[in-house]
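In: attaching a predicted model along with its sequence, questions to come.
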Amino acid sequence: MKVIFILFDTLNRRYLPPYGNTWVHAPNFKRLAEKTVIFDNCYSGSLMCIPARRELHTGRHNFLHRSWGPLEPFDDSMPEILKNNGIYSHLVSDHYHYWEDGGLTYHNRFNTWEIVRGHEGDAWKGEVRDPDIPETVPNMRQNWPHWRQDWVNRKYMQKEEDQPQAVTFKLALEFINKNYVEDNWFLHIETFDPHEPFFTQQKYKDLYKHEYDGPHFDWPNYGIVTETEEQVEHIRKEYAASVSMCDAYLGKILDLMDEKDMWKDTMLIVTTDHGFLLGEKDWWAKGVQPIYNEIAHIPLFIWDPRSGKKNERRSALVQTTDIVPTILEFFEIKRTKDMQGKVLKNVINMDEKVREFLLFGTHGAHVNVTDGRYVYMRGPANFLNQPLYEYTLLPTHMRGFFSNNELKTITLADPFPFTKGIKLLRTNSRLRYINPYVFGSLLFDLQNDPNQEKPLIDSEIEKRMIRALIEEMKKNDSPLEQFERLGIPYEGEVTKDHLDLIETRSGMKDMVGNTEILWINKGKSMYSLIMGFIPSQFQKQSILQIEQEIKKNGTTEIDEDLLLPIFEKNLPKNYIPLLRNMTKLVKFKGK
């Protein structure tokens, strides 16, 4: 028996024909759906990129305990379990986060692995002279090192066969051709596409001809949409072109499976880590806003040769953590006691229900729970988004070590049930770019509002979803402080005091420093966003300036317009563009 697992990055299911799209050219995804079971209710778990990959090794969530980081020494690893049980595991990937500080323990769990360089800002080709960069739509990354590096890398990928996805699938096809007659192997094929930037060849762009004569634009910001309608439509076509390239290479795997008659003994799984917002609800991207379904609700296709089920849909509520135990069961290996995902064999066979609720989220942001109809996004109860800690034995972030200030907060934490009796380093979590407190908690009814445009306020439904949230967090051995951060009880009844949807911030009394004030409009959301982001040395100074402004004007009513000039006066100039962008975010999206 064999398994081929294909993982795309940032694949929005709403751009795929099997999920209802009518304009994206993706004939091989249609073909895939005809050969597999299609899951209509699959969700991500831990987001974004690397936290999702940790789930694809461990079969359990990690976002309640840790932000982006390596596979930990105590973690179970599905590819390593296969290796230790005589199943050959091989990775082919161009996902460059695997060879950064925050992802460096994943690939060595496989028997063998091959990596392909060059995506996004991968520190690949070395050029001292700055590259020529065309006029572009204003981009938040323009002073970041990986913006420059991306333009260096593109010079070496002008032909399709030199692009990372093409090389990745070429190596995957090579592995299959060499090993298809052998038994007992697992092949993990992973491409960073269609992750931004949406850099593809002209033949894929030509599938979506449209009028556009604006600046170069294939890499949207992470934030609210400030671009023109023409630019929004252009970036959607650029993304669709990238999806079509993914479709072409998916087709090569399907062709080879046909040619070698592999369907009789080879499981095929195709999915993604998360989706992406492309202007919906006036948002770009992910990670800065609540995790709407464009991000969390993901495609999943599975062919299980034992059942022979194909071209059928499944409604059961499933998620990323289920992939690990499903693969182990296929090879007749029992999942470990710490894995919390469900085996999908009977979901594939008969759409068996495997759970009532599931969790998904990002460390330090909303903790989300859904039953497939309602989605409840619980935000922090206080504007400091505290208490919040990281639990780890490998203190690295995406592109670097924990800072000295973070490391100075280390204490030794008792083991969690899944850490094999091992104590952990506990550090204060660093500040998030966007404080989730700004948005408050949200509740959506997917049956009546599938695009999540009309938040519900319903106390009884909120109570039910809070109870489900508490239960699911307990199942995942959540740190106790997460309950405190969210303002929900670990034990006891859920009461009206725990409800958050009815909160009204305008008109709330509060203290700024030693001065009592009254928040009006979106002042409290603005204050929480900026104070949650700026370094501590500027916080005290800003509070003093606010108190002086109150005395000067003889008013205690504070709104976002009063706060902005105070923060602009106190912060270094390099903060000002970001501050103004945050101001727009609060005015349009804040509670």
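Out: That came through fine.
In: contacts for stretch 53-61 next, please.
Out: Contacts with stretch 53-61, where a contact means C-beta atoms under 8 Å, 6 or more residues apart in numbering, come from 7, 45-46, 62, 69, 71, 75-80, 95, 98, 103, 106, 109, 273, 320-325, 335-336, 338-341, 359, 418, 476. No exception for glycine: its C-beta is placed from N, CA and C like everyone else's.
In: what is the rounded mean pLDDT of it?
Out: Averaging the model's pLDDT scores along stretch 53-61 yields 98.
In: now swap in stretch 484-503 and tell me
Out: For stretch 484-503, the mean confidence score works out to 96.
In: mind giving me the packing neighbours of the helix or strand bottoming out on mean pLDDT in the chain?
Out: Least confident element among the helices and strands of the chain, by mean pLDDT, DSSP states H and E: helix 576-589 (a mean of 81). Helix 576-589 sits against strand 223-224, helix 523-531, helix 560-570, with contacts defined as 3 or more C-beta pairs under 8 Å, 6 or more residues apart in numbering; DSSP states H and E.
In: between the last one and helix 523-531, how many degrees?
Out: Angle of helix 560-570 versus helix 523-531, following axes from the mean of the first three to the mean of the last three C-alpha atoms, to 10 degrees, is 20 degrees.
In: ok so, going back, between helix 560-570 and the least confident helix or strand of the chain, find me the angle.
Out: Computed by the same axes, to 10 degrees, the angle separating helix 576-589 from helix 560-570 equals 170 degrees.
In: got the buried residues for helix 576-589?
Out: The neighbour-count criterion (16 or more other C-beta atoms under 10 Å) identifies Leu578, Leu579, Met582, Thr583, Leu585, Val586, Lys589 as the buried residues of helix 576-589.
In: domain parsing of the protein, as residue ranges.
Out: 2-352, 360-498, 509-589 (automatic domain parsing).
In: rank those domains by pLDDT, which is bottom?
Out: domain 509-589 (a mean of 86).
In: that one: end-to-end distance?
Out: Domain 509-589 stretches 22 Å from its first residue to its last (C-alpha to C-alpha, to the nearest Å).
In: for stretch 349-368, same thing?
Out: Length of stretch 349-368, first residue to last, C-alpha to C-alpha: 29 Å.
In: can you check stretch 6-15 too?
Out: When the termini of stretch 6-15 are compared using C-alpha to C-alpha, they are 17 Å apart.
In: got the contact list for it?
Out: The contact list for stretch 6-15 (C-beta under 8 Å, 6+ apart) reads 19-21, 24, 26, 49, 56, 95, 188-196, 239-240, 243, 246, 250, 253, 268-276, 278, 286, 294, 297-299.
In: buried ones in that stretch?
Out: Applying a neighbour-count criterion of 16+ other C-beta under 10 Å, one finds Ile6, Leu7, Phe8, Asp9, Thr10, Leu11, Asn12, Arg13, Arg14, Tyr15 buried in stretch 6-15.
In: hang on, the earlier thing: tell me which of the domains of the chain sits most buried.
Out: Using mean count of other C-beta atoms under 10 Å, the stretch among those with the largest mean neighbour count is domain 2-352, at a mean of 19.
In: the stretch 251-400 of the chain: helices as residue ranges?
Out: Taking DSSP state H, counting those that start in this stretch, the helices of the stretch 251-400 of the chain run over residues 293-296, 323-330, 345-350.
In: among those, which is nearest Val367?
Out: Distances from Val367 to each of these were compared by C-beta to C-beta, and the smallest falls on helix 293-296, at 12.3 Å.
In: you'd agree Pro164 is up against Glu114?
Out: No: Pro164 is beyond contact range of Glu114, at 11.7 Å (criterion: C-beta atoms under 8 Å).
In: in this structure Phe5 contacts Ile189, no?
Out: Yes: in this structure Phe5 lies within contact range of Ile189 using C-beta under 8 Å: 6.9 Å.
In: who does the closest residue to Lys423 other than its chain neighbours bridge with?
Out: Excluding its sequence neighbours, the residue lying closest to Lys423 (C-beta to C-beta, 6 or more residues apart in numbering) is Leu412, at 5.2 Å. Beta-bridge partners recorded for Leu412 (DSSP bridges): Leu425.
In: contacts only, for Leu412.
Out: Contacts for Leu412 were tallied using C-beta under 8 Å, 6+ apart; they are Lys423, Leu424, Leu425, Arg426.
In: Glu190: what secondary structure?
Out: When the structure is reduced to helix, strand and coil (DSSP: H, G, I helix; E, B strand; the rest coil), Glu190 reads as strand.
In: make that Phe186, sorry
Out: Under three-state DSSP, Phe186 falls in the strand class.
In: and it, what is it in contact with?
Out: Applying C-beta under 8 Å, 6+ apart, we find Phe186 in contact with Lys2, Val3, Phe5, Pro79, Leu82, Ile87, Tyr88, Ser89, His90, Ile327, Phe331.
In: so which of these belong to strands?
Out: The subset of the contacts of Phe186 located in strands under the criterion DSSP state E comprises Lys2, Val3, Phe5, Tyr88, Ser89, His90.
In: run the chain-centre distance for stretch 455-468.
Out: Centre-to-centre, stretch 455-468 and its host chain are 24 Å apart (C-alpha atoms, centre = their mean, to the nearest Å).
In: just the CA trace of that stretch, in CSV.
Out: Taking only C-alpha atoms (Å, rounded to 0.1, in the frame of the first residue of the first chain), the coordinates of stretch 455-468 have been written out as CSV:
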residue,chain,number,x,y,z
PRO,A,455,-22.8,39.0,12.7
LEU,A,456,-25.4,37.5,14.9
ILE,A,457,-26.2,38.6,18.5
ASP,A,458,-28.1,35.8,20.2
SER,A,459,-27.4,35.1,23.8
GLU,A,460,-28.6,31.5,23.8
ILE,A,461,-26.6,30.5,20.8
GLU,A,462,-23.5,32.3,22.2
LYS,A,463,-23.9,30.4,25.5
ARG,A,464,-24.1,27.1,23.7
MET,A,465,-21.0,27.9,21.6
ILE,A,466,-19.1,29.1,24.7
ARG,A,467,-19.8,25.8,26.4
ALA,A,468,-18.6,23.9,23.3
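In: if we look at it, which residues are touching it?
Out: The contact list for stretch 455-468, computed with C-beta under 8 Å, 6+ apart, reads 356-357, 369, 371, 374, 376, 378, 441-445, 449, 488, 494, 496, 498-502.
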